[in-house]
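K.L.:
model the following, please.
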Amino acid sequence: LNQVLDKNLRVHIALNIMSEVNLAMGEFEVSLQHLLKSLSLMEQNQQRSKAYVQTLHRISKVYTAQQDYVQALSYAQRSLIISRQIGTREESMAIDQTLSEIYAGLQDYAQAFQHQQSYISLKDSITSEKYIQRLAILEAELELSKKQVHIDALTQEQQLQQQELKRQANLRNFIFAVLG
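P.N.:
The predicted structure follows:
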């Protein structure tokens with residue numbers, strides 16, 4: 001079973017890469033065929049993963065590029081629902097942006113605005129979280145650096161004390177040797 005899943009994953013990845021190339025070349029139908037095959041593989045294995053969400057989203061983007069907004073909307077909505085269910089916020093953000101484009105194409109500007117607002121809100125939230133995480137890492141690195149400086153200072157102080165004790169012992173031994 002794992003070998004079948006691994007093979008399907010490799011095929012899925014290859015199909016998605018070929019789809020991206022075809023899409024970049026403006027070959028929408030070929031791109032769509034690759035994505036639909038990939039989607040079919042994932043549905044056979046009942047996979048509802050980030051990759052599944054991305055495939056649905058890519059399909060909606062191909063339909064959007066073809067200005068087939070009704071089909072684009074169907075796939076984008078499915079991808080957004082699953083993305084929210086599995087908690088892939090960055091995917092949800094990208095899908096909201098695509099939905100904004102789709103609704104604008106359908107001339108439903110209220111929905112386009114709503115999804116644009118959702119996109120902006122998610123983008124701000126994700127960016128803020130990344131900054132907070134980065135700040136926490138920097139603070140931890142600073143604390144670690146301070147502790148290392150303190151350890152280095154204590155080590156150096158200990159070495160100096162040992163050298164002083166050794167010097168005093170040598171001096172004492174010298175005095176005893178001269179006096180003795």
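
K.L.:
so what's the residue nearest to the spatial centre of the chain up against?
P.N.:
When Cα atoms, centre = their mean is applied to the chain, the residue found nearest the centroid is residue 90 (7.8 Å). Residues counted as contacts of residue 90 (Cβ atoms under 8 Å, 6 or more residues apart in numbering) are residue 126. Glycine gets a C-beta too; all of them are placed from N, C-alpha and C.

K.L.:
rerun that using 10 Å as the cut-off
P.N.:
Each residue near residue 90 by Cβ atoms under 10 Å, 6 or more residues apart in numbering is listed here: 50, 83, 122-123, 126.

K.L.:
next up, identify which helix or strand it is on.
P.N.:
Following DSSP states H and E, one finds residue 90 within helix 89-105.

K.L.:
C-terminal to that helix, what's the next element?
P.N.:
Past helix 89-105, the next helix or strand by DSSP H and E is helix 109-179.

K.L.:
wouldn't residue 109 be in contact with residue 103 here?
P.N.:
Yes - between residue 109 and residue 103 a contact is recorded at 7.2 Å, counting by Cβ atoms under 10 Å.

K.L.:
re earlier: of the contacts of residue 90, just the buried ones, PyMOL syntax please.
P.N.:
Buried members of the contacts of residue 90 can be picked out in PyMOL with the line below, counting by 16 or more other Cβ atoms under 10 Å:
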select buried, resi 83+122+123
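
K.L.:
of the contacts of residue 90, closest to residue 134?
P.N.:
residue 126 (12.6 Å; Cβ to Cβ).

K.L.:
rewinding a little: and the contacts of residue 90, which two are furthest apart?
P.N.:
Between all members of those, the farthest pair (by Cβ to Cβ) comes out as 50 and 123, at 17.9 Å.

K.L.:
can you pull the contacts of the residue lying closest to residue 84 once chain neighbours are set aside?
P.N.:
Spatial nearest neighbour of residue 84, chain neighbours left out: residue 92 (5.8 Å); criterion: Cβ to Cβ, 6 or more residues apart in numbering. Listed by Cβ under 10 Å, 6+ apart, the contact partners of residue 92 are 53, 57, 79-84, 86, 118-119, 122, 126.

K.L.:
how about the CA coordinates for the worst-scoring helix or strand of the chain on mean pLDDT, as PDB?
P.N.:
Using mean pLDDT, DSSP states H and E, helix 2-24 stands out as the lowest-scoring helix or strand of the chain, at a mean of 81. These are the backbone C-alpha positions of helix 2-24, laid out as PDB (Å, rounded to 0.1, in the frame of the first residue of the first chain):
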ATOM      1  CA  ASN A   2       2.800   2.400   0.900                       C
ATOM      2  CA  GLN A   3       4.500   1.700  -2.400                       C
ATOM      3  CA  VAL A   4       1.300   2.500  -4.300                       C
ATOM      4  CA  LEU A   5       0.900   5.800  -2.300                       C
ATOM      5  CA  ASP A   6       4.600   6.700  -2.900                       C
ATOM      6  CA  LYS A   7       4.200   6.000  -6.700                       C
ATOM      7  CA  ASN A   8       0.900   8.000  -6.800                       C
ATOM      8  CA  LEU A   9       2.700  10.900  -4.900                       C
ATOM      9  CA  ARG A  10       5.500  10.900  -7.500                       C
ATOM     10  CA  VAL A  11       3.000  10.800 -10.300                       C
ATOM     11  CA  HIS A  12       1.000  13.700  -8.600                       C
ATOM     12  CA  ILE A  13       4.100  15.800  -8.300                       C
ATOM     13  CA  ALA A  14       5.200  15.200 -11.900                       C
ATOM     14  CA  LEU A  15       1.700  16.000 -13.200                       C
ATOM     15  CA  ASN A  16       1.600  19.200 -11.200                       C
ATOM     16  CA  ILE A  17       5.000  20.300 -12.500                       C
ATOM     17  CA  MET A  18       4.000  19.600 -16.000                       C
ATOM     18  CA  SER A  19       0.800  21.500 -15.500                       C
ATOM     19  CA  GLU A  20       2.700  24.500 -14.200                       C
ATOM     20  CA  VAL A  21       5.000  24.400 -17.300                       C
ATOM     21  CA  ASN A  22       2.000  24.100 -19.600                       C
ATOM     22  CA  LEU A  23       0.100  26.900 -17.800                       C
ATOM     23  CA  ALA A  24       3.200  29.200 -18.100                       C
END
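
K.L.:
alright, calling it a day.
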